[in-house]
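*Asks:* curious how this folds, go ahead:
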Amino acid sequence: MPDTPLLDQVKIPADMRDFDIAQLKQLADEVRTETIDAVSVTGGHLGAGLGVVELTVALHHVFETPKDILIWDVGHQCYPHKILTGRRDRIRTLRMGGGLSGFTKRAESEYDPFGAAHASTSISAALGFAAARDQKGESNRVVAVIGDGSISAGMAYEAMNNAAEATSGQLMVILNDNDMSIAPPVGGMSAYLARQVSGGAYRQVRNIGKKFVEHMPRPFRNAARKAEEYARGMVVGGTFFEELGFYYVGPIDGHDMDNLVPILKNAAAITDRPVLVHVVTQKGKGYAPAESSADKLHAVVKFDVVSGKQSKPVSNAPSYTKVFGTELIKRAERDPSIVAITAAMPSGTGLDLFGAAFPDRTYDVGIAEQHAVTFAAGLAADGMKPVCAIYSTFLQRGYDQVVHDVAIQSLPVRFAMDRAGLVGADGSTHAGSFDIGFMGALPGMVLMAASDEAELAAMIATSLEIDDRPSAFRYPRGDGVGVDIPELSAPLEIGKGRVVREGTAVALLSFGTRLQETLKAADALAARGVSATVIDARFAKPLDEELILRLAREHEALITIEEGAMGGFGGFVLQMLAAKGALDSGLKIRTLHLPDVFQDQDSPAAQYAAAGLNAEHIAAAALQALGVEASRAVRA
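*Replies:* Model (predicted):
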C-alpha cells in the first residue's frame with residue numbers, strides 16, 4: 001500500500017476544508033498515488049481520473065459537498081472523487097461484482113447526487129438541481145464538471161441555452177479541457193487574468209459600467225456590451241459562452257493549486273448569472289506511462305505500477321470489434337462508396353483500423369449520436385453506403401433519428417451495434433440490452449445477430465448488399481470463438497436462419513452468441529435422452545417464418561434464447577406464432593432473455609449466470625417445458 005499520511009486523515013471532504021494550499025498539494029499527490037495503485041489492482045478508467053486529481057481536491061475543499069451538489073459528467077474520472085468521499089476502503093473493489101461502480105451512482109453514496117456513465121448529461125442535471133433549489137428557497141451551490149469531448153454533444157448546448165432562464169441563483173459549469181481543443185496552452189498570465197475577471201473588484205467595476213451604459217441609447221448599449229465581452233474573449237476565449245448567458249472565467253491551469261482554489265472561490269461567489277470556468281488539464285497527469293500513451297491509458301486492465309505494463313490475456317481468436325474493422329476494410333477496398341461513421345469511439349468500434357486505411361472515408365463526429373445517424377442518412381440519400389458504428393447502449397441516444405431520418409425514408413444506413421448484450425465491469429449503463437426490441441420494432445428494418453466471427457463477417461457483407469432499407473447487426477464485447485473466416489464472406493439470404501443440429505423433441509432457437517451455450521445445452525439434453533434441434537436464427541427481422549413454423553409443427557417444445565431484454569426476439573417469435581395459429585395445438589414455448597432488472601457490474605460469466613442464459617439454464621428450461629423437473633438439470 002502506498003504511503004499516504006495526509007490522505008489517511010481525510011475520511012470525508014469536510015476533513016480537508018481547513019487545509020492550506022501546501023496541504024492540498026500534498027493531498028492531491030497522495031490521491032494520485034492511491035488512484036494509480038487501486039486501478040492497477042482492479043483495472044478501469046485511469047487517465048481521466050489522473051487528469052482531474054487537483055480539480056477534485058480543490059472542488060471538495062471549496063464547496064460543502066454533499067450539501068453543495070457536485071455532478072461529474074460521464075463519471076469515468078470519478079475515482080479520486082470516490083477516494084475522498086468515504087469510499088477509499090472499498091476502492092479496490094471497483095467494477096467488481098458487489099463492489100463499487102466504475103461511475104457515479106446515486107445508490108452508492110450521498111456524494112453522488114446524479115448517476116452517469118453516458119456523456120453530456122451533467123449540465124442538464126445540474127440545472128435541474130439549481131431550479132429545484134430555487135423552488136425550495138434554499139441556498140446550496142451546484143457544480144457540473146464536463147469534459148471538452150462531452151461538450152461536443154448537442155444536449156450540453158441545449159442545457160446552457162436554457163440555464164440563464166431556468167435559474168436565478170448560483171450555477172457553475174467547469175469545462176475540463178484535456179485535449180487543447182478549445183484554447184491554446186496557458187501559463188501564468190492567463191491564470192492571473194482569470195483571477196482578475198473572476199474577482200470581486202473586476203466584477204464591481206464591470207457592474208458600474210453596465211449601470212452607466214443602461215442610460216445610453218440602445219445601439220451604444222449593445223456596442224459597449226459587445227466591446228467588453230470581446231475584449232475579455234480575445235484574451236480568454238469566452239465570447240461564445242457569454243452569448244449563451246454564462247460568465248466565462250479562464251482558461252486556467254487545472255493542476256496549479258495556487259490559482260485553482262482562489263479562482264473557484266471567486267467563481268462560486270458569482271450568483272447573478274451562470275458561470276463557466278474553463279480548466280485545462282492533462283489526461284494521465286503524474287503517471288509517466290499514461291502521459292506517454294496515445295490514449296493516456298484511458299481504460300486499462302490490471303497493470304504493473306512501476307512499468308505500466310498491462311496484464312492482457314492472450315486469446316486464440318480475434319475480438320468481434322477487430323473482425324468488424326478488418327472485414328469492413330476488405331469491402332471498402334472493392335467499393336469506394338463505403339464510408340464509416342463513429343461517435344467519438346474509433347478504437348472502441350474498430351473504426352481506427354478503417355480510418356488508418358481510409359482516412360478520407362472515415363468520419364468521427366464526436367459525442368453526437370443523433371448527428372451521426374442523420375449524417376449517415378444524408379450520405380445514404382445521396383448514394384453512398386454509410387456504416388454507422390455505435391455501441392448498442394449509445395445508439396439509444398440517437399433512436400429518434402433512426403426512426404424519423406432513416407427508417408421512415410427507407411434509407412440504407414447500416415448500423416453496426418457493438419457491445420450487444422452484457423458487458424461485464426461497465427455494468428448496466430453500458431449493457432446493450434434493448435436494441436433488439438427498439439430496432440426490431442421499426443418497419444422495414446433488417447436486424448441480424450452474429451453467433452460467431454464468421455457470421456459477423458457474413459452479416460457485414462449482407463448489410464452492404466441491402467440498398468433499399470436500413471439494416472443492423474449486433475455483436476458482443478470480447479473475443480470470437482475461433483472459427484475460420486472466409487477470405488471474402490458471401491452475403492446471407494435475407495430472413496433465413498440455419499439449422500446447426502437436427503433433433504426431434506425440443507427446438508432451441510438461438511439469436512446471437514448464446515449459440516455456443518445452446519449447443520452445450522443440447523449435449524446435456526442428449527445425455528438425458530432428449531433430442532434437441534439447434535437453430536442459429538441469424539435474423540430477428542424478418543423472421544424465418546417457414547423454418548420457425550416447421551419447428552413448431554415437428555417439436556413438442558420451442559425455446560428462444562437471446563442476449564437482450566424481454567420484448568425482443570422471443571417476443572417477435574411469439575407474436576408470429578400466435579398470428580399464424582401455431583400455438584393453438586399446444587406447442588410449449590419458453591423465451592429466455594435478460595431479466596427485467598438493470599444488472600450491476602460483474603464478470604460476464606457471472607452476469608449471464610445471473611441472467612439464466614448459460615447452458616444449464618437453457619437445458620433446464622427445455623426440460624421444464626417438456627415436464628421434467630428443472631432442478632435436476634441445474635448443477636448444484
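
*Asks:* how close does the most centrally placed residue in the chain get to M448?
*Replies:* For the chain, the residue nearest the mean C-alpha position is H118 (4.4 Å; Cα atoms, centre = their mean). H118 sits 25 Å away from M448 when distances are taken as Cβ to Cβ, to the nearest Å. In this view, the C-beta of every residue, glycine as well, is placed from N, C-alpha and C.

*Asks:* next: G503.
*Replies:* 24 Å.

*Asks:* these two: who's more crowded?
*Replies:* Comparing G503 with M448 by other Cβ atoms under 10 Å, the one with more neighbours is M448, at 27 against 18.

*Asks:* who does the more buried one bridge with?
*Replies:* Residues in a beta bridge with M448, per DSSP bridges, are F473, F539.

*Asks:* all strands for the stretch 51-200 of the chain, in order.
*Replies:* For the stretch 51-200 of the chain, the strands defined by DSSP state E, counting those that start in this stretch cover 69-72, 142-147, 172-177.

*Asks:* buried ones in stretch 439-448?
*Replies:* For stretch 439-448, the neighbour count (16 or more other Cβ atoms under 10 Å) marks 439-442, 444-448 as buried.

*Asks:* what of stretch 512-532?
*Replies:* By neighbour count on 16+ other Cβ under 10 Å, the buried set for stretch 512-532 is 512-515, 517-519, 521-522, 524-525, 530, 532.

*Asks:* ends of stretch 416-428, how far apart?
*Replies:* Stretch 416-428 has an end-to-end distance of 20 Å (Cα to Cα, to the nearest Å).

*Asks:* what number of residues lie near the nearest residue to E108 once chain neighbours are set aside?
*Replies:* Among residues not flanking E108 along the chain, S101 sits closest, at 6.0 Å (Cβ to Cβ, 6 or more residues apart in numbering). Residues near S101, counting by other Cβ under 10 Å, number 25.

*Asks:* could I get the pLDDT score of S101?
*Replies:* On pLDDT, S101 comes in at 94.

*Asks:* before we move on, what about L613?
*Replies:* 97.

*Asks:* how about the one 5 residues further on?
*Replies:* At I618 the predicted local distance difference test score is 98.

*Asks:* and the gap between A58 and A425?
*Replies:* 29 Å.

*Asks:* more neighbours, these two?
*Replies:* Per other Cβ under 10 Å, whichever of A58 and A425 has more neighbours is A58, with 26 against 22.

*Asks:* check contacts around that one.
*Replies:* 24, 257, 260-261, 264 (Cβ atoms under 8 Å, 6 or more residues apart in numbering).

*Asks:* specify which member of those is nearest to L594.
*Replies:* Ranked by distance to L594 (Cβ to Cβ), the contacts of A58 are led by L264 at 43.2 Å.

*Asks:* give me the subset of the buried residues of stretch 512-532 lying in helices.
*Replies:* Cross-referencing the buried residues of stretch 512-532 against helices under DSSP state H gives 515, 517-519, 521-522, 524-525.

*Asks:* dump those into a markdown table; add pLDDT and distance to V41 as well.
*Replies:* Shown next, in a markdown table, are those (pLDDT from 0 to 100; distance: Cβ to Cβ, whole Å):
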| residue | pLDDT | distance to V41 |
| --- | --- | --- |
| L515 | 98 | 35 |
| E517 | 97 | 30 |
| T518 | 98 | 36 |
| L519 | 98 | 36 |
| A521 | 98 | 36 |
| A522 | 98 | 40 |
| A524 | 97 | 37 |
| L525 | 97 | 41 |
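
*Asks:* out of those residues, which is nearest to S122?
*Replies:* E517 (39.0 Å).

*Asks:* quick one: the closest one and G612 touch, right?
*Replies:* No - E517 is beyond contact range of G612, at 11.0 Å (criterion: Cβ atoms under 8 Å).

*Asks:* identify the residues contacting the residue nearest to the centre of the chain.
*Replies:* Contacts for H118 (Cβ under 8 Å, 6+ apart) come out as 74, 393-394, 397, 429.

*Asks:* please report how far T56 lies from G86.
*Replies:* Counting by Cβ to Cβ - T56 and G86 are separated by 14 Å.

*Asks:* flag the shaky bits of the chain, pLDDT-wise.
*Replies:* 179-238, 629-636 (pLDDT under 70).

*Asks:* need the longest helix for it.
*Replies:* When the chain is parsed with DSSP H, its longest helix is helix 21-42.

*Asks:* that one - contacts with which helices or strands?
*Replies:* helix 47-51, helix 53-62, helix 79-82, helix 257-268 (3 or more Cβ pairs under 8 Å, 6 or more residues apart in numbering; DSSP states H and E).
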